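J.: predicted structure and sequence below. I'll ask about it afterward.
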Amino acid sequence: NAGVIQTPRHKVTGKGQEATLWCEPISGHSAVFWYRQTIVQGLEFLTYFRNQAPIDDSGMPKERFSAQMPNQSHSTLKIQSTQPQDSAVYLCASSLLDRGEAEQFFGPGTRLTVL
Amino acid sequence: QQKVQQSPESLSVPEGGMASLNCTSSDRNFQYFWWYRQHSGEGPKALMSIFSDGDKKEGRFTAHLNKASLHVSLHIRDSQPSDSALYFCAAGHNTNTGKLTFGDGTVLTVKP
């Protein structure tokens, strides 16, 4: 079991460019979560999927950010027209069930730097 | 307003000592709590969850929950240098969903 896989580990973009971040959840896990981690804001919930369906995107900035889960083996987080304030570590997590008692397993994160 | 507050922001204990971390919620709708630990350069890793009032022990780690005061704590006995990390308290509203709200974390340093 390789755990949650996130690619790339590091990404540098210029202001205004698009960034796509990839997440491969643990096989068999039904829930996939996206978080953003910064020094200032801490660890913030962005969005999550249950059985590939979007359930809650209340943490997503309404403009420029979108997430998809086209199949059970991967999810993507896309940021259009990146801004310096988007610089952060983006973390993906998966859990066996979408239940409070189910442990979330985190990937190593993608560090996005917007110049 | 941060819904999950952690204290202290940082903590230093000697090897073999006891580390005590605290977490308080301002949202009475939170029903359960998790403790996660993050080492530098890695994603957070779950330590333990607590859903009921009282103590829950797992090895060197003991969590305590008081739902009336919405206070949860984590105690690490016989602290090891490898316990040095960023510790998060996370809370959930409803056991039917895994969505969590994280606190800002406590940096624990265990000095040999």
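T.: Perfect, thanks for sending it.
J.: now stretch B:49-58: buried residues?
T.: Within stretch B:49-58, the residues scored as buried using 16 or more other CB atoms under 10 Å in any protein chain shown are B:49-50. All C-beta spots, glycine's among them, are computed from the backbone N, C-alpha and C.
J.: err, stretch B:84-100, not the other one
T.: Buried residues in stretch B:84-100 (16+ other CB under 10 Å): B:84-93, B:97-100.
J.: ends of that stretch, how far apart?
T.: 23 Å (CA to CA, to the nearest Å).
J.: does that stretch come close to chain A?
T.: Yes. Using CB under 8 Å from any CB of the partner chain, stretch B:84-100 reaches chain A at B:88, B:92, B:94-100.
J.: from the residues you listed, which land in strands?
T.: Among those, the members falling in strands (DSSP state E) are B:88, B:92.
J.: let me have the residues of stretch B:84-100 next to chain A in a markdown table, extended by pLDDT.
T.: Shown next, in a markdown table, are the residues of stretch B:84-100 next to chain A (pLDDT from 0 to 100):
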| residue | pLDDT |
| --- | --- |
| B:F88 | 97 |
| B:G92 | 91 |
| B:N94 | 79 |
| B:T95 | 77 |
| B:N96 | 82 |
| B:T97 | 84 |
| B:G98 | 87 |
| B:K99 | 90 |
| B:L100 | 93 |
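J.: biggest separation within the residues of stretch B:84-100 next to chain A, which pair?
T.: Across the residues of stretch B:84-100 next to chain A, the longest distance by CB to CB is 22.1 Å; it joins B:F88 and B:N96.
J.: where does the closest residue to chain A within chain B fall, secondary structure wise?
T.: Chain A sits closest to B:G43 of chain B, with a gap of 3.1 Å, by CB to the nearest CB. Following DSSP states H and E, one finds B:G43 outside all helices and strands.
J.: thought A:E101 was touching B:T95?
T.: Yes. Taking contacts as CB atoms under 8 Å, A:E101 lies within contact range of B:T95: 6.5 Å.
J.: tell me the pLDDT of B:Q1.
T.: Confidence at B:Q1, expressed as pLDDT, is 55.
J.: repeat that for A:A102.
T.: pLDDT, A:A102: 90.
J.: if I look at A:T113, how far off is B:P44?
T.: 21 Å (CB to CB, to the nearest Å).
J.: and the two? Which one has more around it.
T.: B:P44 (27 against 14; other CB atoms under 10 Å in any protein chain shown).
J.: host element of the most centrally placed residue in chain A?
T.: The centroid of chain A falls nearest to A:W34 when counting by CA atoms, centre = their mean (3.4 Å). In this structure, A:W34 sits in strand A:31-38 according to DSSP H and E.
J.: and the residue in chain A that chain B sits nearest to, what does it touch?
T.: In chain A, the residue that lies nearest chain B is A:F106 (3.1 Å; CB to the nearest CB). By CB atoms under 8 Å, 6 or more residues apart in numbering or on different chains, the contact set of A:F106 is A:4, A:91-93, B:43-45.
J.: likewise B:S52?
T.: B:L65.
J.: and if you look at A:G42?
T.: B:102-105.
J.: TSV for these, including neighbour count and pLDDT?
T.: Listed next are the contacts of A:G42 as TSV, based on neighbours: other CB atoms under 10 Å in any protein chain shown; pLDDT from 0 to 100:
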residue	neighbour count	pLDDT
B:F102	22	95
B:G103	26	95
B:D104	18	94
B:G105	22	96
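J.: distance to A:G28 and secondary structure added to the residues you listed, as a markdown table?
T.: Below are the contacts of A:G42 laid out as a markdown table (distance: CB to CB, whole Å; DSSP: H, G, I helix; E, B strand; the rest coil):
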| residue | distance to A:G28 | secondary structure |
| --- | --- | --- |
| B:F102 | 25 | strand |
| B:G103 | 30 | coil |
| B:D104 | 32 | coil |
| B:G105 | 30 | coil |
